[in-house]
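S.K.: My questions are about this predicted structure, shown below with the sequence.
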Amino acid sequence: MERMTLGRTGIAVSAFCLGTMTWGNQNTEDEAHAQIDMALDHGVDFLDTAEMYPTQPVRAETVGRTEEIIGAWLARTGRRGDVVIATKITGAGNPHVRAGAPITPGTLRAACEASLKRLRTDVIDLYQLHWPNRGSYHFRQNWTFNPARQDRAATQAHMAEIVEAAGRLVTEGKIRAFGVSNESAWGTAEWLRHGTRAGGPRVATIQNEYSLLCRHWDTDLAELCHHEEVTLLAFSPLAGGLLSGKYAGDVTPEGTRRALTPDLGGRITPQVFPAVAAYLGVAARHGLNPCQMALAWVRTRPVPVIPILGATSLQQLRTNLGAAELRLNAEVLDEIEAVRRDHPMPY
């Protein structure tokens, strides 16, 4: 398994990350532990979680359960040194976590310490803001995004105090690195600027949605990540399962994510199934597994990107891990780009 470094931190991780948001809802603790074991057997030592997980749906009674499951694995195996753990503080507005309270220095500390307790560890390797208080254009909010509603002075004051609070957590040895999620180019640049002013921590990673079907990152953010050495952690690289082909023809197999979230978080549109069919066609013509093709494509980007793998079964995980050995040739990549031009923004 290829190794990468998170931003400028020196923290080395596998080139794929294991996502955990189904653990405690769609997956039992035993199934989750088996996924960690399989990932490690294949060289994947990077886990991403969040205080509000599991999802599908997020419920007040299950908030934090995924972190507890990871903590139970750490306690059982004693293998803390074998994994790099990333988690997140929930952004403003989720009623199931702190009644929707925004990120403040106080909630940052409280959430971090609660995550440490659930994870049964002394340090979080990468601590991320799940989404910014000011809102964002992610999760299909791009269609109605209006930055004019934002207060620049209040946003910058907030960033300064959060960077300072994160710096104190670093000094105390509770977190090693700082990252953002569901952010914009301007927002990430401002976090970087405030981190420089405060003497750290500097944004190491940005975790945004990125796949063959969702390519918001490709322009301004990719340029920023290149010049500022910020690593993209690509969530939903299979577009909520759409790129596997299991929903082709607008079907909903029993036990899938779509059975729990019929619109797949706004990804089901009249345009999406023709786009999916076109990508499935590329995979079929070249004898490729469509999941492996989609994941391997993410790894071809010219700026460092780590796909976050998610699975609800060991067989799915085994298949997805196989993408690490796949190298896409120029003909496949050219066909993928042709499909993108025909289906540029399917949701």
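M.R.: Nice, thanks for sending it over.
S.K.: where does this structure have its least confident helix or strand?
M.R.: helix 257-260 (a mean of 93; mean pLDDT, DSSP states H and E).
S.K.: quick one, strands of the stretch 151-300 of the chain?
M.R.: 175-181, 203-209, 231-235 (DSSP state E, counting those that start in this stretch).
S.K.: so which of those comes closest to Asn94?
M.R.: In terms of CB to CB, the element of these nearest to Asn94 is strand 175-181, at 13.3 Å. C-betas here are computed from N, CA, C, even on glycine.
S.K.: sorry, back to before: distance from the least confident helix or strand of the chain to the middle of the chain?
M.R.: Helix 257-260 sits 19 Å away from the centroid of its parent chain (CA atoms, centre = their mean, to the nearest Å).
S.K.: what does it contact?
M.R.: Taking contacts as CB atoms under 8 Å, 6 or more residues apart in numbering, the residues outside helix 257-260 that touch it are Gln26, Gln56, Pro57, Gly240, Gly241, Tyr247, Thr252, Pro253, Leu264, Ile268, Thr312.
S.K.: Let's see the pLDDT reported for Arg80.
M.R.: We have a pLDDT of 98 for Arg80.
S.K.: For the residue nearest to it when sequence neighbours are not counted, list the residues it contacts.
M.R.: Leaving aside its chain neighbours, Arg80 sits nearest to Leu74 (5.3 Å; criterion: CB to CB, 6 or more residues apart in numbering). By CB under 8 Å, 6+ apart, the contact set of Leu74 is Arg80, Val83, Leu119, Arg120, Thr121.
S.K.: Just name the closest of the contacts of helix 257-260 to Ala154, please.
M.R.: Distance ranking of these against Ala154, using CB to CB, places Pro57 first at 31.0 Å.
S.K.: and the closest one, what does it touch?
M.R.: With contact taken as CB under 8 Å, 6+ apart, Pro57 is in contact with Leu260, Thr261.
S.K.: Then it would be within a strand, right?
M.R.: No. With DSSP: H, G, I helix; E, B strand; the rest coil as the criterion, Pro57 is assigned coil and is not in a strand.
S.K.: how close does it get to Leu260?
M.R.: Pro57 is 7 Å from Leu260, where distance means CB to CB, to the nearest Å.
S.K.: number of nearby residues for Trp297?
M.R.: A count of neighbours around Trp297, defined by other CB atoms under 10 Å, yields 22.
S.K.: Over to Gln56?
M.R.: Counted by other CB under 10 Å, the residues lying close to Gln56 total 17.
S.K.: For stretch 111-121, the averaged confidence score.
M.R.: On average, stretch 111-121 scores 98.
S.K.: Could I get the buried residue list for it?
M.R.: By 16 or more other CB atoms under 10 Å, the buried positions in stretch 111-121 come out as Ala111, Cys112, Ser115, Leu116, Arg118, Leu119, Arg120, Thr121.
S.K.: Specify which member of those is nearest to Glu183.
M.R.: When the buried residues of stretch 111-121 are ranked by distance to Glu183 (CB to CB), Ala111 comes first, at 17.9 Å.
S.K.: Secondary structure element holding the closest one?
M.R.: helix 105-119 (DSSP states H and E).
S.K.: Just the angle for that helix relative to strand 175-181, thanks.
M.R.: Between helix 105-119 and strand 175-181, the angle comes out at 110 degrees (axes from the mean of the first three to the mean of the last three CA atoms, to 10 degrees).
S.K.: how about helix 105-119 as CSV, C-alpha atoms only?
M.R.: Provided in CSV are the C-alpha atoms of helix 105-119 (Å, rounded to 0.1, in the frame of the first residue of the first chain):
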residue,chain,number,x,y,z
PRO,A,105,-13.7,27.4,21.7
GLY,A,106,-15.8,25.8,24.5
THR,A,107,-17.6,23.3,22.3
LEU,A,108,-14.3,22.5,20.5
ARG,A,109,-12.7,21.5,23.8
ALA,A,110,-15.7,19.7,25.1
ALA,A,111,-16.2,17.7,21.9
CYS,A,112,-12.6,16.8,21.6
GLU,A,113,-12.4,15.6,25.2
ALA,A,114,-15.6,13.6,24.7
SER,A,115,-14.2,12.0,21.5
LEU,A,116,-11.0,11.1,23.4
LYS,A,117,-13.0,9.4,26.0
ARG,A,118,-15.1,7.4,23.6
LEU,A,119,-12.1,6.5,21.5
